[in-house]
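# for reference, the sequence and a predicted model appear below.
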Amino acid sequence: MESPLSPLSYQPYLDQLIAFGSQEARKPDLLVAKAEYLRLTGEVFEDDQLFELRMASFLDYYLYDRVSPASGKTPAAELYELRLQSGPPEEANAFRCFTETVHGLFEVRKLGKGLVRLRELHSGKDFDITERRHMVGLETGDVLEARLIPFAGHLLFSSAFCFHPRVAVKAIKAEAKRRKKKEPQRPPVEMVWECARRAVKAERYKQIAVERIYDFSQTTPWLASAS
């Protein structure tokens, strides 16, 4: 049963959050955040095929993850607290969704009618995502970076994805398992960003075998910032 927040689209609330996060006074910090994000995930250019998806991922990072040096909070948390103080409860509840997103590397476990089941590689936890669109090209067993937004009793995808080559799936899963066992102190997001950098390399240097680019025993030159 869907909640009063239906129809099932967070977009009107996201539009308000984007407007809040991109106010004129925030633009200098927005530029700093973008530079930080590109250092984490690899430089991309407008003629790169994954440019638009990467910019969508940056927006997610800026709104949901990055703590503002000025406020000590993410823009999502700031706006939620403002609406909690001054807006109707159901609207504040909608904005709370943006403070509870799930971001990570996932394996596709099931593709059903209106549903995608993903398994987060670090925790092993399964998530059922409501998805009414047919996700072209996505197959069971694929590995992707995604962000899940809890809204109106459902989990929904954000617009940001990073799809990794199928031939790299075995290496990614093995490295996630190794880090969990051997390096449990490392934040899981480190591997998300590292895989994003490798995805840029795979896209840009098609003459190099994908298996070599996703060889996690190699830290250079493939992990240097993309250029």
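Structure received.

# switch to C-alpha atoms for all contacts and neighbour counts from now on
Will do.

# what's the local residue count around Arg204?
By the measure other Cα atoms under 10 Å, the count of residues near Arg204 is 15.

# next one: Ala94
20.

# now do it against Tyr10, distance only.
To Tyr10, Ala94 is 8 Å away according to Cα to Cα, to the nearest Å.

# which is the next helix or strand following the lengthiest helix in the chain?
Scanning the chain for the helix with the most residues, using DSSP state H, yields helix 188-204. Proceeding N to C from helix 188-204, the next assigned helix or strand is helix 210-213, under DSSP states H and E.

# domain map for this structure?
The chain breaks down by the TED database into domains covering 10-100, 101-221.

# how about the helices in the protein?
Counting by DSSP H, the helices of the chain are 11-21, 27-41, 51-60, 75-86, 89-96, 169-182, 188-204, 210-213.

# re earlier: switch the domains of the chain over to CSV; also include mean pLDDT.
Shown next, in CSV, are the domains of the chain (pLDDT from 0 to 100):
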stretch, mean pLDDT
domain 10-100, 95
domain 101-221, 94
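
# about what we covered before: of all the helices of the chain, which one is nearest Glu145?
In terms of Cα to Cα, the element of the helices of the chain nearest to Glu145 is helix 188-204, at 6.9 Å.

# buried residues, that closest one. List them.
The neighbour-count check on helix 188-204 (16 or more other Cα atoms under 10 Å) flags 188, 191-203 as buried.

# out of these, who's nearest Leu118?
After measuring the buried residues of helix 188-204 against Leu118 - Cα to Cα - the closest member comes out as Val192, at 15.4 Å.

# what sits against Ala33?
By Cα atoms under 8 Å, 6 or more residues apart in numbering, the contact set of Ala33 is 62, 66.

# try it again at 10 Å.
For Ala33, the contacting residues are 27, 39, 58-59, 61-62, 66-68, by Cα atoms under 10 Å, 6 or more residues apart in numbering.

# and the residues you listed, which two are the farthest apart?
Lys27 and Arg39 (18.6 Å).

# please say which of these two ends up with more neighbours.
Arg39 (15 against 12).

# my read: that one touches Phe58, true?
No - with contact defined as Cα atoms under 10 Å, Arg39 does not count as touching Phe58 (11.4 Å).

# phi and psi next, for Glu9.
Residue 9: Ser, not Glu. The phi/psi pair for Ser9 (degrees, to the nearest 10) reads phi -150, psi 120.

# and the nearest residue to it once chain neighbours are set aside, bridged to which residues?
Distances taken as Cα to Cα, 6 or more residues apart in numbering put Phe151 closest to Ser9, at 8.0 Å, once the chain neighbours are dropped. With DSSP bridges as the criterion, Phe151 is bridged to His154.

# you'd agree Phe151 is up against Glu91?
No - Phe151 lies out of contact with Glu91 (Cα under 10 Å); the separation is 11.6 Å.

# ok, those two, which is more surrounded?
Using other Cα under 10 Å, the more surrounded residue of Phe151 and Glu91 is Phe151, with 23 against 15.
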